[in-house]
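Student: this one's structure only:
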Ligand SMILES: O=P(O)(O)O[C@@H]1[C@@H](OP(=O)(O)O)[C@H](OP(=O)(O)O)[C@H](O)[C@H](OP(=O)(O)O)[C@H]1OP(=O)(O)O
Ligand SMILES: Nc1ncnc2c1ncn2[C@@H]1O[C@H](COP(=O)(O)OP(=O)(O)OP(=O)(O)O)[C@@H](O)[C@H]1O
């Protein structure tokens, strides 16, 4: 990729989140992640080109020096900052505009700085050979997988119902989504295959911004804006069938949709639990903090006990990092105020305390060596704030699971050591190689903490006000595939490994 010869025709719209827009190269396995600004700032960019460059370099440093050490290098691709010709960026912004969902257009792509983050395209891995069946990539934004400790929260409900489940009520009440998702992160992070299977079923039913599927780099399954469109599940099944064509999946020569979907989910569960290095399975913290009362999973239906997460699995590493939030926003906020007060009195301390970076080994050391007890110092408060911000990033990151069908020759190839092969559970599916990555590891700004507290209060009071009830949503997209009994009892669909 020659940066001085960039042509917008080589790039296409790939996706976007709240603060960045991503374009992918049409031939190379590369994406560019560009910053976004509020639309009202479109005439006057809120920062200079140098500041934008620093912001992206901070993202790279935070990912490679801090998050990579906590989450495991093998999952992380930090990328590099690139400087692009301004004319290329302007043309690109015009080209992508009509592909953008309307609900994201309150922000505009940064066309002023000419800076972007260049990353490998995780939805189109380079190991894929164009002649073969294209890779299937599944993106999951799992959100927070544990309940806070009762010590620090003012409302008892926060120790019973997880933040995601409560937030769903708030989002539906405020029109962000039309239907509530029944996905519960505590089920996904449980390490119990039944609960994980159940959680993924609900992600498929109501993906919102937590679940997407890409085939050969193209998004083939996601929530459309407003979440009111019926999802094209038949089309998804049509895409999935070729990957899960084997064994018991056929009745009179036809593969059942149910079996293909079950196999797909099971392969995902395997990938999420894999560590590759035979890691120890770790029991979760007390059961009380790993079960959400709002989850529709029936605890009594667990057949195989609580298995816990293998210690080198992606879910374990993300959960451990999320749990650096030991105080909850309510316990953290007074410490934030201590730091804020100190900065008002001594503004130059902002640099020494590394409030806005640099995100280097010293920063990592500060949060790792935080004393267990509060000694009243600003250093203690800063270390807890740093820990909280790192935990926020881990609560908002996404996991990308790439599933690559292996050809016979590849199966014989001993060289595929970096990928784990899903030689499937009971020889019912073809071999799928997989790789797991974590994306969106940006540092959360220090100043976002007060907003966190306000949002937390709104979510909890909305949940308490509505009593955890919502008007019944429309029929779920999976209702045509599973019978009411199966929808109620997911254990019927679970095949023990
Ligand atoms: O606060 P949350 O839990 O709603 O998370 C925000 C996300 O909302 P979600 O609930 O996942 O739909 C939100 O995602 P969406 O814009 O809703 O897709 C962002 O990821 C936001 O991060 P940032 O401010 O852009 O760095 C996220 O904000 P942070 O809290 O991580 O700053
Ligand atoms: N390296 C990558 N390879 C392929 N797709 C990517 C990559 N990075 C991001 N994407 C896609 O672009 C989307 C938006 O990227 P990302 O989540 O980083 O944006 P964001 O604005 O930081 O999100 P958020 O709303 O969480 O703040 C992702 O959901 C994913 O589908």
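Tutor: Received it, and whenever you're ready, just let me know what you need. On a predicted model such as this, the values are computed, not experimentally measured, just so you know. Ligands and ions are numbered 1, 2, ... in the order given.
Student: C-alpha from now on. contacts and neighbour counts both.
Tutor: Will do.
Student: chain neighbours aside, what residue packs nearest to the residue sitting nearest the centre point of the chain?
Tutor: Centroid check for the chain by Cα atoms, centre = their mean gives residue 398 as the closest residue, at 1.9 Å. Among residues not flanking residue 398 along the chain, residue 141 sits closest, at 4.2 Å (Cα to Cα, 6 or more residues apart in numbering).
Student: do residue 322 as well
Tutor: Closest to residue 322 by Cα to Cα, 6+ apart is residue 391, at 4.1 Å.
Student: the one you found reaches residue 325, doesn't it?
Tutor: Yes. If you go by Cα atoms under 8 Å, residue 391 and residue 325 touch, sitting 5.6 Å apart.
Student: for the closest residue to ligand 1 within the chain, helix, strand, or coil?
Tutor: In the chain, no residue comes nearer to ligand 1 than residue 18, which is 4.0 Å away by Cα to the nearest ligand atom. At residue 18, secondary structure determined by DSSP: H, G, I helix; E, B strand; the rest coil is coil.
Student: which residue packs closest to it, ignoring adjacent ones?
Tutor: Closest to residue 18 by Cα to Cα, 6+ apart is residue 104, at 7.2 Å.
Student: rewinding a little: what helix or strand is the residue nearest to residue 322 on?
Tutor: helix 378-396 (DSSP states H and E).
Student: same question, residue 15
Tutor: Here residue 15 is assigned to strand 11-16, by DSSP H and E.
Student: whichever helix or strand comes after that strand pairs with which strands, and in what direction?
Tutor: Next helix or strand after strand 11-16 toward the C-terminus (DSSP H and E): strand 20-25. Strand 20-25 has the following strand partners under DSSP bridges: strand 11-16 (antiparallel), strand 30-38 (antiparallel).
Student: strand 20-25 and ligand 2 in contact?
Tutor: Yes. Remark: strand 20-25 sits within contact range of ligand 2 at 20, 22, by Cα under 6 Å from any ligand atom.
Student: which residues are contacting that strand?
Tutor: Outside of strand 20-25, the residues within contact range by Cα atoms under 8 Å, 6 or more residues apart in numbering are 10-16, 30-36, 109, 121.
Student: just the buried members of those residues?
Tutor: 11-16, 30-36, 109, 121 (16 or more other Cα atoms under 10 Å).
Student: residue 136 contacts residue 212, correct?
Tutor: No. The criterion here is Cα under 8 Å, and residue 136 misses it with residue 212 at 10.6 Å.
Student: and these two? which has more neighbours close in?
Tutor: Regarding residue 136 and residue 212, a neighbour count based on other Cα atoms under 10 Å identifies residue 136 as having more, with 26 against 20.
Student: give the contact list for the more buried one.
Tutor: Residue 136 neighbours (Cα under 8 Å, 6+ apart): 123, 213, 214, 215, 216, 402, 403, 404.
Student: nearest to residue 55, out of those residues: which one, please.
Tutor: residue 123 (24.8 Å; Cα to Cα).
Student: that closest one contacts residue 134, correct?
Tutor: No. Residue 123 is not in contact with residue 134 according to Cα under 8 Å; the separation is 10.2 Å.
Student: overlap of the contact sets of those two?
Tutor: 215, 216.
Student: the two: who's more crowded?
Tutor: Neighbours per residue, other Cα under 10 Å: of residue 123 and residue 134, the larger number sits with residue 123, 27 against 19.
Student: mind listing what that one touches?
Tutor: Here residue 123 is in contact with 135, 136, 137, 214, 215, 216, 217, 218, 400, 402 (criterion: Cα under 8 Å, 6+ apart).
Student: per-domain residue ranges of this structure.
Tutor: 3-120, 136-323+394-493 (automatic domain parsing).
Student: right, and those domains - which one's nearest residue 374?
Tutor: domain 136-323+394-493 (14.1 Å).
Student: by proximity to ligand 2, which residue of the stretch 251-400 of the chain wins?
Tutor: Counting by Cα to the nearest ligand atom, the stretch 251-400 of the chain gets nearest ligand 2 through residue 396, at 6.0 Å.
Student: swap in the chain?
Tutor: residue 17 (3.1 Å).
Student: return the per-residue confidence for the closest residue to that residue other than its chain neighbours.
Tutor: Residue nearest to residue 17 in three dimensions, not counting chain neighbours: residue 104, with 7.7 Å by Cα to Cα, 6+ apart. Turning to residue 104, the model gives it a pLDDT of 94.
Student: skip ahead from the helix or strand of the chain with the lowest mean pLDDT and say which helix or strand is next.
Tutor: Using mean pLDDT, DSSP states H and E, the weakest-scoring helix or strand in the chain turns out to be strand 420-422, at a mean of 41. For strand 420-422, the following helix or strand on the C-terminal side (DSSP H and E) is strand 432-439.
Student: name the helices or strands packed onto that next one?
Tutor: helix 257-273, strand 398-405, strand 420-422 (3 or more Cα pairs under 8 Å, 6 or more residues apart in numbering; DSSP states H and E).
Student: mind doing that once more with 7 Å?
Tutor: strand 398-405, strand 420-422 (3 or more Cα pairs under 7 Å, 6 or more residues apart in numbering; DSSP states H and E).
Student: residues in the stretch 101-250 of the chain within reach of ligand 2, list them.
Tutor: Counting by Cα under 6 Å from any ligand atom, the stretch 101-250 of the chain sits next to ligand 2 at 119, 120, 121, 122, 123.
Student: so can I have a markdown table of the residues you listed showing secondary structure and pLDDT?
Tutor: Formatted as a markdown table, those follow (DSSP: H, G, I helix; E, B strand; the rest coil; pLDDT from 0 to 100):
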| residue | secondary structure | pLDDT |
| --- | --- | --- |
| 119 | strand | 97 |
| 120 | strand | 97 |
| 121 | coil | 97 |
| 122 | coil | 96 |
| 123 | coil | 96 |
